[in-house]
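Peer 1: Show me the folded form of this:
(4 chains)
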There are 2 protein chains.
Amino acid sequence: MGLTKAEIFTDEQNELALLFKVLAHPARIAILQHIIKQKACICNDLVGELGLAQATISQHLKELKNVGIIQGSVEGKSVCYCIDEKVWKQIQMKFNELFNQDVKVKQCC
Amino acid sequence: MGLTKAEIFTDEQNELALLFKVLAHPARIAILQHIIKQKACICNDLVGELGLAQATISQHLKELKNVGIIQGSVEGKSVCYCIDEKVWKQIQMKFNELFNQDVKVKQCC
DNA sequence: TCTTTACATCGCAATATTACGATAATAAAT
DNA sequence: ATTTATTATCGTAATATTGCGATGTAAAGA
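Peer 2: Okay, the predicted model is just below:
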């Protein structure tokens, strides 16, 4: 196997899991933090900042772009990546929908 | 490869990625939602609720337990699993530390 | 035009994850 | 003591992810 049985879960569960998955890598966390810190956009800087090969960074950026967290626009011969504020807020809202629930415990634990 | 280069990232980045990773599966989301909904604890119910084999459920529970989100206590011949409220709140705080940052965009995007 | 720079993509090798049957282990019930 | 119920663990097959070198592509500069 190694194949998630997506069909037995709700769309909401699958989508939420997908969002968590794209954030489930330290390189992608680092990329997001760097983009946020620079307030502006970046591109090739990341290859220097993180210690990963250009191909690897490019792949991580693609995954972040696929879920819409970042967007890239061509600036001459380089590409400028930025957070999509709208998507960013949406993700936060979805996470809080999950985490704001009361998690009262009954007897045993 | 297939091996994350954890040593080039900060502890914070690695820990955050690990938290996201455990939530990055629809079955584990479903398990958490079910535990929350039942307010009380559960155990074998999950095997009936979700359409996964007992061994698979047990494995997912173990992963949730490993990061401390849930805890299990033996109740006769079954095991009662509950959310650990303290850890739950801590995780929410860590996520919000990331997502509450301002994500102002500069020129290009 | 030729070169350089910045990215993207392809194709792999190494490792990780997912799922499950089989098989323990433990406690209750008979 | 034997059976039954509930869970954990082991082993394994199928698939996914990570990382990177090599190669492609497109724009800028010489």
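Peer 1: What ranges does chain A have for its helices?
Peer 2: A:11-23, A:26-37, A:45-49, A:54-66, A:85-99 (DSSP state H).
Peer 1: Out of those helices, which gets nearest to DNA strand D?
Peer 2: helix A:54-66 (3.2 Å; Cβ to the nearest atom of the strand). C-betas here are computed from N, CA, C, even on glycine.
Peer 1: touching chain B at all, that closest one?
Peer 2: No. Helix A:54-66 is not in contact with chain B by Cβ under 8 Å from any Cβ of the partner chain; minimum separation 9.0 Å.
Peer 1: tell me the angle that helix makes with helix A:11-23.
Peer 2: 150 degrees (axes from the mean of the first three to the mean of the last three Cα atoms, to 10 degrees).
Peer 1: list the helices and strands helix A:54-66 packs on?
Peer 2: Helix A:54-66 sits against helix A:11-23, helix A:26-37, helix A:45-49, strand A:70-75, with contacts defined as 3 or more Cβ pairs under 8 Å, 6 or more residues apart in numbering or on different chains; DSSP states H and E.
Peer 1: Looking at those, spot the one closest to B:C108.
Peer 2: Closest approach to B:C108 among those (Cβ to Cβ): strand A:70-75, 5.0 Å.
Peer 1: buried ones in that closest one?
Peer 2: Going by neighbour count (16 or more other Cβ atoms under 10 Å in any protein chain shown), the buried part of strand A:70-75 is A:70-72.
Peer 1: Repeat that for stretch A:53-68.
Peer 2: A:56-57, A:60-61, A:63-64, A:67.
Peer 1: Return that stretch as CSV; C-alpha atoms alone will do.
Peer 2: Taking Å, rounded to 0.1, in the frame of the first residue of the first chain, the C-alpha atoms of stretch A:53-68 are listed here in CSV:
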residue,chain,number,x,y,z
ALA,A,53,20.2,22.6,-3.9
GLN,A,54,18.4,24.8,-6.3
ALA,A,55,16.3,21.9,-7.7
THR,A,56,15.2,21.0,-4.2
ILE,A,57,14.2,24.6,-3.3
SER,A,58,12.3,24.9,-6.6
GLN,A,59,10.4,21.7,-5.8
HIS,A,60,9.4,22.9,-2.4
LEU,A,61,8.2,26.3,-3.8
LYS,A,62,6.1,24.4,-6.3
GLU,A,63,4.3,22.5,-3.5
LEU,A,64,3.6,25.7,-1.6
LYS,A,65,2.4,27.3,-4.8
ASN,A,66,0.1,24.3,-5.6
VAL,A,67,-1.9,24.8,-2.4
GLY,A,68,-2.0,28.6,-3.0
